[in-house]
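*Asks:* the following comprises the amino acid sequence and a computationally predicted model.
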Amino acid sequence: MVHSAYDAFQLITNSSTKIDAIESYGSTLLLSCSDGSLRIYAPESSASGQRSPPPPSSDFSSQTLALELKKEAYVLERTINGFSKKPMLAMEVLKSRELLLSLSESIAFHRLPNLETLAVITKAKGANAYSWDERRGFLCFARQKRVCIFRHDGGRGFVEVKEFGVPDTVKSMSWCGENICLGIRREYVILNSTNGAISEVFPSGRIAPPLVVSLPSGELLLGKDNIGMFVDQNGKLLQEGRISWSEAPAAVVVENPYIVGLLPRYVEIRSLQDPYSLIQTVVLRNVRRLLQSTHVIIVVLENSVYGLFPVPIGAQIVQLTASGNFEEALALCKLLPPEDSSLRAAKEQSIHLRYAHYLFENGSYEDAVEHFLASQVEISYVLSLYPSIILPKSFVILEPEKYVDVSGDNPDLSRGSSSMSDDLESSPPVFDSESADLESKKMSHNTLMALIKFLQRKRYSVVEKAAAEGTEEAISDAVGNNLVAYGNTRSKKPSKSRASTAISSVARDVAAVLDTALLQALLLTGQPSAALELLKGLNYCDVKICREFLLERNQFVCLLELHKCNGMHREALNLLHKLVEESNSDNPPAELTQKFKPDKIIDYLKPLCSTDPMLVLEFSMLVLESCPTQTIELFLSGNIPADLVNSYLKQHAPSLQTTYLELMLAMNENGISGNLQNEMVRTSNILSKLWTYSEVLDWYADFNSQKKWDEKNYSPTRKKLLSALESISRYNPEVLLKRLPPDALYEERAILLGKMNQHELALSIYVHKLNVPELALSYCDRVFESGLDQPSAKSYGNIYLTLLQIYLHPQRTTRNLEKRITSLVSSRSPVIPKVGPGAVKTKGLLSRKIAEIEGAEETRISPSGTDSGISDGDTDDIIEEGASTIMLNKVIDLLGQRWDRINGAQALRLLPKETKLKNLLPFLGPLLRKSRESYRNFSVIKNLRESENLQVKDELYSQRKNVVKITGDSMCSLCNKKIGTSVFAVYPNGKTIIHFVCFKDSQNMKAVGKGSTLRKR
């Protein structure tokens, strides 16, 4: 026996006659005896005052005022002889109709409380089983192999509804919704009460007769010997389990949360929850009947009656908790009355806490966590079970106290008169004696995983409270500062410290304990990635404890994130710099399992650019030399002012200032502030001094003195100089050009001439001095591409024609090259020739010239032609140079490579007469194909435009065909008068109609309004 759910109390003793049937009505008992009499028993306390004189012969309403049976002895109140002619099989009180149903020779109905006979169903003569549907007022009974259905008409009679035949004699029956479940001799069947259709359920037992019991949920319990099986209203077997009785029960009643069965030797009480465990057995011999009354189960013997009174729920909970049956105790807590909700919650929490300790000690850590959560116990309580978890010293961790006595002080929840004593106050706590062993127990992986689950389930609400507390304190600070400032304007008295109005930080302390413990548990279980995610979000980890813990376990990534989330950026950067140096050393430490690169410092500094630029500048010096490009990108993307960066470098790292300026200009040439331009002027002077006094000129002088100078020699210093001249644009190229030697450093000279837009001179140096046509072509490409975004982008295409002329007239372009450069530099305001549309004039359309290419001999451009790009004076140069000096191969290669960037007609004019047409196929082939494709495209576009024009015209004509119908009801939209036969106007929408006079007036008003506006202006 688990615990006492019911107390057995003898209500009636030593009845003079054998009891056949029994029923309760309020607090009275109705006994049908074997002599055919009906005996009425009442509680001794209520009947003692009415012994003399006796009550009226047919009225016992005063005894039925109580709704429940009383736990006291019952005495005979009166006897009604001849109530039944044959032994009574069953009686039932129909409470909603105040009727007593009796099954004896037939079925009779008696009105309560006077017990006068209301109706007798003669057709039920010989009936052995019945079932009453209280909701609908339907009665079904079985007689031999027939089932009859009657309906109460609400008055004094019953109306027959249906009658059906069944395969065998009915032993037990019960309504199940609209159907009837019948237990016949060998099986259970479902009878449709509408059409009489029968469907089989399953066979009945071989030992005990069929037993059909209706459950409060509407389902049925069908007996199969000692097994009780659950089915739904359609007879479908349910999977909620089966009740295994000790023996086959003769009767079963249900009193939530228990189910009571009448067995041959005793009454068995089981739980109504799966697995339907045995709760209690009440030993009573020769039990004949088992009846359910209001909260009391009546047990009938031959000459006595017992009542099974339920033990108070609170007392049962105490018993179950003391015996370790926590699940049953929690189930009973749900049956406590709603008015005791606070007491119910306290009991459930106490039981969950006890159950959690029990499971924890027995190794069921995951289940223990669920009950710790349900008990709503403090986090510190659970953490006290984990002695190896280090927590902040400021937070007091209480030891687990003795468990709260679930019996409480409520007298209603005590055992009362129960025969079993379960006072827990006198018994020692179940788990307190083992608390010392629990603290010394070494934590395993499973215990820590359970702790992680507990902390993560608790964390959301705890962190939310802590964040709300921080927000409230911030608002309080802001309001307090405003009040202090207001008070200072009125009084010189200094304000007190904020401690007087400080908000309690309990929530943040709890959050700090939770996050600190969670971080340790995650790392102890080998989950560094989860710990890192914890640190990346909002957390309240204790910095000191976590820092020591992470250092001890070499969790440097988590340590960096710990410093970062707490705003300790200097400590984090120092640690990161140390890790980078150790990673790059020849013998990195063994505990360094991950290699740290310098770009990690840059990644860390990126978010700090807007908040702490000086810290960014300080630590960026550590990686500027190793990662110059990424560091400059950091400065630019972080929007750190260039003036600030430049001044910081000038003061702390002068050697890196030039590097910064060069890289910044190369990456963001247009993003230079006005203040930085002055620094760029100084940089230009430095560069000019570099050419005068630095290694470049010294290096050139040394080689020139030894007659070993070669223009193709490139030292690292010269490469740096060429890169600076190419990338930097804000310097004076004329000044620098003067300082170059006249017979050397031609590439530098070409770059400077290009900066001065002297394209012809620059290209001449590339072609004739350096003899590197590839550089000349690259120069032309740069000029052309730089002009694509300009309004006059087409003019930059003539740069290729300039190179073409240099190839065709080498002597003319090289003649007095040095003098031209010198005169250009010496002139104060030199005339800079520009390559524009007028450099080489073109006559006629390109397509026309290409179409006439077949007659090249006849259409060859004359040297004296007015449209030629060559003057008459240049004709002699061409004749003198001859075909041998012309770089015709370079010309043809240029035309073939850049045919899409060169004006074809102008190029053909420049070519000499001796040029063969077949050599121009790489130039003319794609040019003609492109022209033909363009012609087709433009033709398509033209046709589309014409088609679109026709569509617009068609739409215009269709709009002009709109018809406006003027009737006698047509109104002017302006004056709201009828149009009549007046001249009218229609707006473009085709619906708005106005008088023509009104239209003119409105136009005049608009004109006057515009005129007045202009006069005001």
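*Replies:* Nice, thanks for sending it over.

*Asks:* wait, is residue 895 part of a strand?
*Replies:* No - when the secondary structure is assigned by DSSP: H, G, I helix; E, B strand; the rest coil, residue 895 falls in helix instead of a strand.

*Asks:* flag the helix or strand of the protein with the lowest per-element mean pLDDT.
*Replies:* helix 856-859 (a mean of 33; mean pLDDT, DSSP states H and E).

*Asks:* so which helix or strand takes in residue 722?
*Replies:* According to DSSP states H and E, residue 722 maps onto helix 716-727.

*Asks:* so what does that helix touch, helix or strand wise?
*Replies:* Using 3 or more C-beta pairs under 8 Å, 6 or more residues apart in numbering; DSSP states H and E as the contact criterion, the neighbours of helix 716-727 among helices and strands are helix 657-667, helix 674-693, helix 695-705, helix 746-755. All C-beta atoms are positioned from the backbone trio N, CA, C, and that covers glycine.

*Asks:* which helices and strands sit right next to the last one?
*Replies:* Counting by 3+ C-beta pairs under 8 Å, 6+ apart, the packing neighbours recorded for helix 746-755 are helix 716-727, helix 733-738, helix 759-764, helix 773-786.

*Asks:* return the set of buried residues in the second one.
*Replies:* This points to helix 733-738. Within helix 733-738, the residues that count as buried by 16 or more other C-beta atoms under 10 Å are 733, 734, 736, 737.

*Asks:* which pair in those residues spans the largest distance?
*Replies:* Checking these against each other with C-beta to C-beta, the farthest-apart pair comes out as 734 and 736, at 7.4 Å.

*Asks:* what sits against residue 513?
*Replies:* Contacts of residue 513 were listed using C-beta atoms under 8 Å, 6 or more residues apart in numbering, and they are 379, 380, 383, 391, 392, 395.

*Asks:* er, residue 305 actually
*Replies:* Taking C-beta under 8 Å, 6+ apart as the contact definition, residue 305 lies against 10, 11, 12, 15, 19, 22, 29, 31, 74, 298, 299.

*Asks:* list phi and psi for it.
*Replies:* Note on residue 305: backbone dihedrals following degrees, to the nearest 10 are phi -130, psi 130.

*Asks:* how near is it to residue 505?
*Replies:* Separation of residue 305 from residue 505 (C-beta to C-beta, to the nearest Å): 67 Å.

*Asks:* residue 985 too?
*Replies:* As judged by C-beta to C-beta, residue 985 and residue 505 stand 80 Å apart.

*Asks:* circling back to that earlier point, mean pLDDT lowest where, among the helices and strands packed on helix 716-727?
*Replies:* When these are ranked by mean pLDDT, helix 674-693 comes last with a mean of 52.

*Asks:* can you give me the helices in the stretch 351-500 of the chain?
*Replies:* Remark: helices assigned in the stretch 351-500 of the chain by DSSP state H, counting those that start in this stretch are 365-374, 379-383, 435-440, 445-490.

*Asks:* weakest of those by average pLDDT?
*Replies:* helix 435-440 (a mean of 47).

*Asks:* now do the buried residues in the helix holding residue 722.
*Replies:* For helix 716-727, the neighbour count (16+ other C-beta under 10 Å) marks 718, 721, 724, 725 as buried.

*Asks:* what do you get for stretch 613-630?
*Replies:* Residues of stretch 613-630 classed as buried under the neighbour-count rule (16+ other C-beta under 10 Å) are 613, 616, 617, 619, 620, 622, 623, 624, 627, 630.

*Asks:* do stretch 643-651 as well
*Replies:* Neighbour-count burial for stretch 643-651 flags 645, 646, 648, 649 (criterion: 16+ other C-beta under 10 Å).

*Asks:* okay, strands next: where are they in the stretch 301-450 of the chain?
*Replies:* Remark: strands assigned in the stretch 301-450 of the chain by DSSP state E, counting those that start in this stretch are 305-310.

*Asks:* shaky segments in it?
*Replies:* Under the criterion of pLDDT under 70, the regions of the stretch 301-450 of the chain flagged as low confidence span 394-443.

*Asks:* ok, 50 please
*Replies:* Regions of the stretch 301-450 of the chain meeting the criterion pLDDT under 50 cover residues 401-433, 435-442.

*Asks:* sorry, back to before: just the buried ones from the contacts of residue 513?
*Replies:* Neighbour-count burial (16+ other C-beta under 10 Å) applied to the contacts of residue 513 gives 379, 380, 383, 391, 395.

*Asks:* ok, the residues you listed vs residue 112, which is closest?
*Replies:* Proximity of those to residue 112 (C-beta to C-beta) peaks at residue 379, which lies at 60.8 Å.

*Asks:* my read: the closest one touches residue 516, true?
*Replies:* No - the pair residue 379 / residue 516 is not scored as a contact, 10.8 Å apart, by C-beta atoms under 8 Å.

*Asks:* ok, residue 595 to residue 155 distance?
*Replies:* For residue 595, the distance to residue 155 (C-beta to C-beta) stands at 97 Å.

*Asks:* so which of the two has more stuff around it?
*Replies:* Here residue 595 and residue 155 are compared on neighbour count by other C-beta atoms under 10 Å; more neighbours surround residue 595, at 12 against 8.

*Asks:* quick check: phi and psi on the closest residue to that one other than its chain neighbours?
*Replies:* Distances taken as C-beta to C-beta, 6 or more residues apart in numbering place residue 583 nearest to residue 595, at 4.6 Å, with adjacent residues excluded. Main-chain dihedrals, residue 583, degrees, to the nearest 10: phi -70, psi -40.
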